[in-house]
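>>> Based on what follows, work out the 3D shape:
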Amino acid sequence: MRKVLKYVIYDVFRSKMLIGYTLLLFAMCSGMYYLGSGDSKTTVSLLHIVLLVVPLISIIFGTIHYYNSREFIELLMAQPIRRRRILLGEYFGITFSLSVALLIGLGVPIALWDFSESSLILLLVGVLLTFIFTALAFLASVRSADKARGIGSALLLWFYFSVIYDALVLWLLSSFSDYPLEKPVLILTAFNPIDLGRVMVLLKLDTSALMGYTGALYLDFFGSGAGILYSLALLLVWLILPLIFSVKIFAKKDM
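Purely as a prediction, here's the structure:
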């Protein structure tokens, strides 16, 4: 797996898309801190951008890279190498490269303008979402041999978590506003890694006016520290489960 990992990292670091991703994050983050006042509102504005851009780039990049590496993967499969190690080498190579791009593009402006605990949690959320949505990209890719269908499935997953999920929750809250929905909403939050990442950062900011309904519920039920740990545990579950399913499908898949 180590040799596969090194090759993937070397290959990804030569990608113009990765360089563009790093510069895009750096430009957006620097612009936010330059135009803003550097307070919690700036962090929240940056959070919304991170929650939109990081999952999208991770899931697109992961899917495209997998399909573009099909010939290389088939060549490796002809060697005495376990399929699990091949897929994990590809996965960790991509996630490492994307995480480095994120830490440079986002971490450098944060270190210059706002080196705080909430900003560090924002970086942690960005890295976790990178790992999660790359795992979802691999899951969509290994399930479908057709490139167009695999990319379409991956984009549909991103669209659901970024847009459709929030619309469904708002519809639920408006349709059943006469009923106590606190616990159901907390349960529903566990089914969206983007919402969990948002809650983690907002709990650390501890700004009730900016937290929204879900964040206020987490603060009320768990408190700030326990809510962050609970969200972190659920994000780790979101990271592990798609990766396990991807490995199992890939191990049995007829290439």
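
>>> Verify the contact between residue 140 and residue 160 for me.
No. Between residue 140 and residue 160 there is no contact under CB atoms under 8 Å: 11.9 Å. For every residue, glycine as well, the C-beta is placed using N, CA and C.

>>> what's the closest non-adjacent residue to residue 32?
With sequence-adjacent residues excluded and distances taken as CB to CB, 6 or more residues apart in numbering, residue 32 is closest to residue 46, at 4.9 Å.

>>> So residue 140 and residue 160 - more neighbours on which side?
More neighbours surround residue 140 than the other of residue 140 and residue 160, with 25 against 14 (other CB atoms under 10 Å).

>>> give me every residue that touches that one.
59, 63, 150, 151, 153, 154, 157 (CB atoms under 8 Å, 6 or more residues apart in numbering).

>>> Pull the distance from stretch 163-180 to the chain's centre.
24 Å (CA atoms, centre = their mean, to the nearest Å).

>>> before we move on, the earlier item: quick one: which of the contacts of residue 140 is nearest to residue 15?
For residue 15, the nearest member of those is residue 63. The distance, counting by CB to CB, is 13.9 Å.

>>> wait, what's in contact with the closest one?
137, 140, 141, 150, 151, 154.

>>> related to what we said a few turns ago, ok, now how distant is the residue nearest to residue 32 from residue 52?
Distance, residue 46 to residue 52, by CB to CB, to the nearest Å: 11 Å.

>>> Look at those two and report which has more neighbours.
Taking neighbours as other CB under 10 Å, residue 46 and residue 52 compare with residue 46 leading, 25 against 14.

>>> is it true that that one touches residue 126?
No. Judged on CB under 8 Å, residue 46 makes no contact with residue 126 at a distance of 9.9 Å.

>>> what's in contact with stretch 12-28?
Here stretch 12-28 has contacts from 46, 49, 53, 57, 61, 65, 93-94, 97-98, 101-102, 104-106, 108-109, using CB under 8 Å, 6+ apart.

>>> Which parts of this protein are helices?
2-13, 16-35, 40-68, 70-77, 83-105, 107-113, 117-143, 147-159, 165-175, 182-189, 193-205, 208-221, 224-252 (DSSP state H).

>>> Could you dump the ones you listed into TSV with mean pLDDT added?
Formatted as TSV, the helices of the chain follow (pLDDT from 0 to 100):
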stretch	mean pLDDT
helix 2-13	81
helix 16-35	87
helix 40-68	88
helix 70-77	83
helix 83-105	92
helix 107-113	86
helix 117-143	92
helix 147-159	91
helix 165-175	80
helix 182-189	74
helix 193-205	83
helix 208-221	58
helix 224-252	87
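
>>> Check the gap between residue 30 and residue 13 for me.
For residue 30, the distance to residue 13 - CB to CB - is 22 Å.

>>> Of those two, give the one with the bigger neighbour count.
Set residue 30 next to residue 13 and count neighbours by other CB under 10 Å: residue 30 wins out with 17 against 14.

>>> wouldn't the more buried one be in contact with residue 109 here?
Yes. Counting by CB under 8 Å, residue 109 is a contact partner of residue 30 at 4.7 Å.

>>> So which of the contacts of residue 63 wins on neighbours?
residue 137 (31 neighbours).

>>> With the flanking residues excluded, which residue is spatially nearest to that residue?
Nearest non-adjacent residue to residue 137 (CB to CB, 6+ apart): residue 62, at 3.1 Å.

>>> Please tell me how far the one you found sits from residue 138.
6 Å.
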